[in-house]
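Visitor: next input, structure requested:
(chains A, B, C, D, E and F)
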4 protein chains.
Amino acid sequence: MGKRGRKQGSSGEHSKAQLLSIAADEFAEHGYFSTKISTIVKKAGVTQPTFYLYFPSKEAIFQELVGLFRNKFALLTKKSRLETGLELDSLPGRIAIGLTAIFQFFYDNRSLTKIGLYLSDDAEEIKNDIVQLITENLESEQRDGYFRTNVEMRTVAESLVGIMERLTATYLFQDKKKPEELAREIVDLLLYGLQVK
Amino acid sequence: MGKRGRKQGSSGEHSKAQLLSIAADEFAEHGYFSTKISTIVKKAGVTQPTFYLYFPSKEAIFQELVGLFRNKFALLTKKSRLETGLELDSLPGRIAIGLTAIFQFFYDNRSLTKIGLYLSDDAEEIKNDIVQLITENLESEQRDGYFRTNVEMRTVAESLVGIMERLTATYLFQDKKKPEELAREIVDLLLYGLQVK
Amino acid sequence: MGKRGRKQGSSGEHSKAQLLSIAADEFAEHGYFSTKISTIVKKAGVTQPTFYLYFPSKEAIFQELVGLFRNKFALLTKKSRLETGLELDSLPGRIAIGLTAIFQFFYDNRSLTKIGLYLSDDAEEIKNDIVQLITENLESEQRDGYFRTNVEMRTVAESLVGIMERLTATYLFQDKKKPEELAREIVDLLLYGLQVK
Amino acid sequence: MGKRGRKQGSSGEHSKAQLLSIAADEFAEHGYFSTKISTIVKKAGVTQPTFYLYFPSKEAIFQELVGLFRNKFALLTKKSRLETGLELDSLPGRIAIGLTAIFQFFYDNRSLTKIGLYLSDDAEEIKNDIVQLITENLESEQRDGYFRTNVEMRTVAESLVGIMERLTATYLFQDKKKPEELAREIVDLLLYGLQVK
DNA sequence: TATGAATGAGCATTCATTCAT
DNA sequence: GATGAATGAATGCTCATTCAT
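Guide: Next up is the predicted model:
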């Protein structure tokens, strides 16, 4: 048995995963600069040199976390593109599914999301990428006749990202609304607007 | 003439204003922690003790900037409430006016806006306040019959703030769209949605 | 009339005296290093340059205060030498008179005394001078047959100064005993000792 | 051998002890405020961060030194209480033993003593504690019939501390008298006084 | 006699990072 | 795989002091 009774051969992996997880929480809670390596290692029960065994620098572990978020977020976004040939009636529900998945991911990965969406210097870049993907989705869907044509889809994509960003912070992370609720309300708003019918 | 050719008697005020302005730019560009007092004073052409003549700490000057933004933003938001008795036709235009004013303020005060909207620890609080104000506006306007009733106005307010936040960063500050354009597009999207007519 | 209605021509003197008095209290309460010129001038209602109009430096005003104490203390000590030809019976009373005068001076000039007796770098030197004077007094008095001869008077003088120093701090400045009481008790102890008769 | 030829494994302890010892000398010689951390570490041959590895602040290392003095001083004072049933003849000698031990401690720990007895903000408190202990000793001894009863023992204790304080500074630390000499002279003075027999 | 404004010089403290073992 | 011990390089902040008026 490895030390402390863990399964042998995984001690290193465990330490690294441990550090990543704790670092995520620390960064999310205190921001990049106020997060101290000394705090992370203390919470992980290892020493500072051990940290540098797994990560070349503070910046590096942060970027590793950013990368994790970035990949997953992009993946989910890509998967949310609607198939062609859908009934107009089914649109709202189908759109909501994709959004729900994203919100669920955010919800399940609070610290990671805070890092990737708000804290990182790359946050803008990440969101830009997502906007690009969403724009492509929307334009494709627009060509499929799902949306009206006299509206600029990039702006809609930007808006959607802005909405998601904000509602995630104020509703999702405050446990005031669930992923599906948020998804549904956003769809309702963006599809039908506020006008009196 | 006072030293360095400035008008006498206002030297102190000038130094303080100078420091505030430069600090705003530095904070906006590098963030709170990477902004050094030493850099600010160097750019202002004064020494470090002079800085502490006008501000008790780095934190204090930052908060002073945050306060400036906060007050102005809240003021503009309050002023954007619509009067009663408007024709439905004039709604889009009237709403756009308030938004335009806010975007114009953001545009004219880029650094301050970055600080108050994105960088400050109080950014969330500030936006929450604005959301509250907007919610009140919207609900009042909703009661005036300007908007459909089966939609939760607080969520709309949150969404609107999210949209403004995002479009400010990606369009306004990138000089890709002007305040009025942004205002108009937002109104169009939020009023009529994406649905095919 | 001078400004603020004071008698003309004395404004400068007043400022200087004011500064000295406030400085004494500040030094006494906070020590040399923790006393700030900025605090002194604030309490005196003048500006920093005004301070330097009257004193060349922080060190200088401190030394001026030390000097005031030193002179007065030495004077009182000299005056306490006993005349020749006294009755042995009257000794305790006569000795007590000199001590009382000194304690009274300490009591009336608390801040100054703290500075000269405890805080100043010259405190040791000042006390040494006093010890020297007292030694001379005691030896003279010893030759007059007032005291036993098999005791080293310099040591007695040192002891006396040590006792005064301590009782001043713990009894006099705490308002627990009055000058005369202290004087009498010291005389009793030093004259008769603790031995059981 | 460890680096710099020291025995391995105790390097940390050694650094800390080194810093404590040097700090004591520096504080004793220059006072709290004029003592610079930079000087201490330079003399100890380490860098500033190393200092903060062992002490959280300048204040903290100073207090650690004060504590060391305080404990040892109190211990020695307690041990100096006289047993009951002593011959009156043996009193002077027995009292001198306790005083000698204290003076010896002062002599062997000059810097520490200066700090604890003169420099520290707690010096008065420390001496008050000692006065309290001595008062208890003296009163107990007075009840044992060792001393006359018409004298207030707290005042005697204060006086004794004042005398010790002063003679330590002027005789002991100047290498003019040895611990035993000082002890004996004090006993002689306080026991028999100055009166002509 | 007095001041508004400014500064030179310094000091404690912090933190990511690295050896030697 | 892990650590005890140490450091290079900053950085915010303070304070006595001065100049021009």
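Visitor: do stretch A:20-33 and DNA strand E come into contact?
Guide: No - using Cβ under 7 Å from any atom of the strand, stretch A:20-33 never reaches DNA strand E; the gap is at least 7.6 Å. Any C-beta I mention is one placed from the backbone N, CA and C, and that applies to glycine too.
Visitor: and that stretch, how far from the chain's centre?
Guide: 15 Å (Cα atoms, centre = their mean, to the nearest Å).
Visitor: ok, stretch A:161-169 next?
Guide: 11 Å.
Visitor: can I get the CA coordinates of it in PDB?
Guide: This file holds the C-alpha atoms of stretch A:161-169, laid out as PDB (Å, rounded to 0.1, in the frame of the first residue of the first chain):
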ATOM      1  CA  VAL A 161     -23.900  34.800 -24.100                       C
ATOM      2  CA  GLY A 162     -24.300  38.000 -22.100                       C
ATOM      3  CA  ILE A 163     -27.600  36.700 -20.800                       C
ATOM      4  CA  MET A 164     -26.200  33.300 -19.900                       C
ATOM      5  CA  GLU A 165     -23.200  34.900 -18.200                       C
ATOM      6  CA  ARG A 166     -25.400  37.100 -16.100                       C
ATOM      7  CA  LEU A 167     -28.200  34.600 -15.200                       C
ATOM      8  CA  THR A 168     -25.500  32.100 -14.300                       C
ATOM      9  CA  ALA A 169     -24.100  34.400 -11.800                       C
END
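Visitor: and the residue of chain A closest to DNA strand F?
Guide: A:Pro49 (2.9 Å; Cβ to the nearest atom of the strand).
Visitor: list the buried residues in the helix or strand hosting that residue.
Guide: Using DSSP states H and E, A:Pro49 sits in helix A:48-54. Going by neighbour count (16 or more other Cβ atoms under 10 Å in any protein chain shown), the buried part of helix A:48-54 is A:Phe51, A:Tyr54.
Visitor: what angle separates the helix or strand bottoming out on mean pLDDT in chain A from helix B:11-34?
Guide: Scoring the helices and strands of chain A by mean pLDDT, DSSP states H and E places helix A:11-34 at the bottom, with a mean of 92. Using axes from the mean of the first three to the mean of the last three Cα atoms, to 10 degrees, the inter-axis angle of helix A:11-34 relative to helix B:11-34 is 170 degrees.
Visitor: now what about the helix or strand just after helix A:11-34, what contacts it?
Guide: The first helix or strand that comes after helix A:11-34 along the chain, using DSSP H and E, is helix A:37-44. Helix A:37-44 is contacted from outside by A:Ser15, A:Gln18, A:Leu19, A:Ile22, A:Ala23, A:Glu26, A:Thr47, A:Gln48, A:Thr50, A:Phe51, A:Lys58, using Cβ atoms under 8 Å, 6 or more residues apart in numbering or on different chains.
Visitor: nearest to chain C among those residues?
Guide: Among those, A:Gln48 lies closest to chain C (Cβ to the nearest Cβ), at 36.6 Å.
Visitor: that closest one - nearest residue in space that isn't next to it in sequence?
Guide: A:Val41 (5.4 Å; Cβ to Cβ, 6 or more residues apart in numbering or on different chains).
Visitor: what are the ranges of the helices in chain A?
Guide: Listed in chain order, the helices of chain A (DSSP state H) span A:11-34, A:37-44, A:48-54, A:58-79, A:91-108, A:110-114, A:123-143, A:153-167, A:179-192.
Visitor: which of these sits closest to D:Leu117?
Guide: Closest to D:Leu117 of the helices of chain A is helix A:37-44 (Cβ to Cβ; 38.2 Å).
Visitor: how about that closest one: buried residues?
Guide: In helix A:37-44, counting by 16+ other Cβ under 10 Å, buried: A:Ile37, A:Ile40, A:Val41, A:Ala44.
Visitor: how far away is the third one from DNA strand E?
Guide: When distance is defined by Cβ to the nearest atom of the strand, to the nearest Å, A:Val41 is 8 Å away from DNA strand E.
Visitor: and the residue of chain A found nearest chain D, what pLDDT?
Guide: Nearest residue of chain A to chain D: A:Ser38, at 11.6 Å (Cβ to the nearest Cβ). At A:Ser38, the model reports a pLDDT of 96.
Visitor: ok, now the one 5 residues further on?
Guide: Per-residue pLDDT puts A:Lys43 at 95.
Visitor: how much space separates it from A:Ser120?
Guide: Distance, A:Lys43 to A:Ser120, by Cβ to Cβ, to the nearest Å: 21 Å.
Visitor: do A:Arg166 as well
Guide: From A:Arg166 to A:Ser120 the distance is 17 Å (Cβ to Cβ).
Visitor: same check on A:Ile102?
Guide: In terms of Cβ to Cβ, A:Ile102 sits 17 Å off from A:Ser120.
Visitor: okay, domains of chain A per the record?
Guide: Domain segmentation of chain A under automatic domain parsing yields A:3-55, A:65-192.
Visitor: which one of these is the most hemmed in?
Guide: domain A:65-192 (a mean of 18; mean count of other Cβ atoms under 10 Å in any protein chain shown).
Visitor: for the closest residue to A:Ala169 other than its chain neighbours, give me the pLDDT.
Guide: Of all residues not flanking A:Ala169 in the chain, B:Glu124 sits nearest, at 6.7 Å (Cβ to Cβ, 6+ apart). Note on B:Glu124: pLDDT of 96.
Visitor: got it, and A:Asp129?
Guide: As predicted, A:Asp129 sits at a pLDDT of 96.
Visitor: which residues are contacting the helix holding A:Pro49?
Guide: A:Gly12, A:Ser15, A:Lys16, A:Leu19, A:Ile37, A:Ser38, A:Ile40, A:Val41, A:Ala44, A:Ile61.
Visitor: hmm, 6 Å instead?
Guide: A:Lys16, A:Ile37, A:Val41 (Cβ atoms under 6 Å, 6 or more residues apart in numbering or on different chains).
Visitor: check stretch A:70-83 too.
Guide: Under Cβ under 6 Å, 6+ apart, the answer for stretch A:70-83 is A:Arg94, A:Gly98, A:Ala101, A:Ile102, A:Phe105, A:Ile126, A:Ile130, A:Leu133, A:Asn137, A:Glu141.
Visitor: repeat that for 8 Å
Guide: With contact meaning Cβ under 8 Å, 6+ apart, stretch A:70-83 is reached by A:91, A:94-95, A:97-99, A:101-102, A:105, A:109, A:116, A:122, A:126, A:129-130, A:133-134, A:136-137, A:140-141, A:144, A:146.
Visitor: the residue of chain A closest to DNA strand F and A:Phe62: what is the separation?
Guide: According to Cβ to Cβ, A:Pro49 and A:Phe62 sit 19 Å apart.
Visitor: contacts only, for the closest residue to A:Gly85 other than its chain neighbours.
Guide: In space, A:Gly85 comes closest to A:Asp144 once its chain neighbours are excluded; the distance is 7.8 Å by Cβ to Cβ, 6+ apart. Shown in contact with A:Asp144 (Cβ under 8 Å, 6+ apart): A:Leu82, A:Thr84, A:Gly85, A:Leu86.
Visitor: with pLDDT as extra columns, can I get these in JSON lines?
Guide: Converted to JSON lines, the contacts of A:Asp144 look like this (pLDDT from 0 to 100):
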{"residue": "A:Leu82", "pLDDT": "85"}
{"residue": "A:Thr84", "pLDDT": "84"}
{"residue": "A:Gly85", "pLDDT": "84"}
{"residue": "A:Leu86", "pLDDT": "87"}
